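Enquirer: Compute the structure for the input listed below.
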Amino acid sequence: MTPLTTIIATGTTSTITGIASWITATINARSKEKQTQEQTRYPEWKAFVDTIQQETHQLTDRVNNLQDQVDTLRGRVNTLSHKYNSALSHITEWRQAHPEEIPHHPAPTAIKPDL
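Expert: Prediction:
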């Protein structure tokens, strides 16, 4: 190899190595910067997620409470419906047994359609 070729080869190798080192350093710096940004934002995201979880638990408790109330009211409506139908049956039987009393004891307007 001639001295000029050796100088060119050495210079080219040094340049390529320098460029590769610069690219690696730049990538590492960006990676560390991104990691730092993520670590900096972690508390914000953690607080956000914790808030969402807390609100979800509160909403779940509220839905469960409302479901319990609906179940209670549904049972109450069923009980009252059964009692109402039983009372209507009794009134109908009484009216059939005592037709002469119907003019003196007319059915209330609210239940006339049901009799």
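
Enquirer: From now on I want contacts and neighbour counts done on CA atoms only, so please keep to that.
Expert: OK.

Enquirer: What distance do you get for His82 to Gly75?
Expert: Distance, His82 to Gly75, using CA to CA, to the nearest Å: 11 Å.

Enquirer: do Gly18 as well
Expert: 82 Å.

Enquirer: Could you list the low-pLDDT ranges of the protein?
Expert: 1, 4, 7 (pLDDT under 70).

Enquirer: could you pull out the strands for it?
Expert: With DSSP state E, there are no strands along the chain.

Enquirer: residue ranges of the helices in it, please?
Expert: 3-97 (DSSP state H).

Enquirer: So which residue is dead centre in it?
Expert: Thr56 (6.0 Å; CA atoms, centre = their mean).

Enquirer: contacting residues for that residue?
Expert: Listed by CA atoms under 8 Å, 6 or more residues apart in numbering, Thr56 has no contact partners.

Enquirer: again, but for Leu115
Expert: By CA under 8 Å, 6+ apart, the neighbours of Leu115 are Leu88, Thr92.

Enquirer: And it, how far from Lys83?
Expert: 14 Å.

Enquirer: Please apply the same query to Thr56.
Expert: From Thr56 to Lys83 the distance is 40 Å (CA to CA).

Enquirer: Could you do Pro99 as well?
Expert: 24 Å.

Enquirer: ditto for Thr36
Expert: 71 Å.

Enquirer: Many thanks, have a good one.
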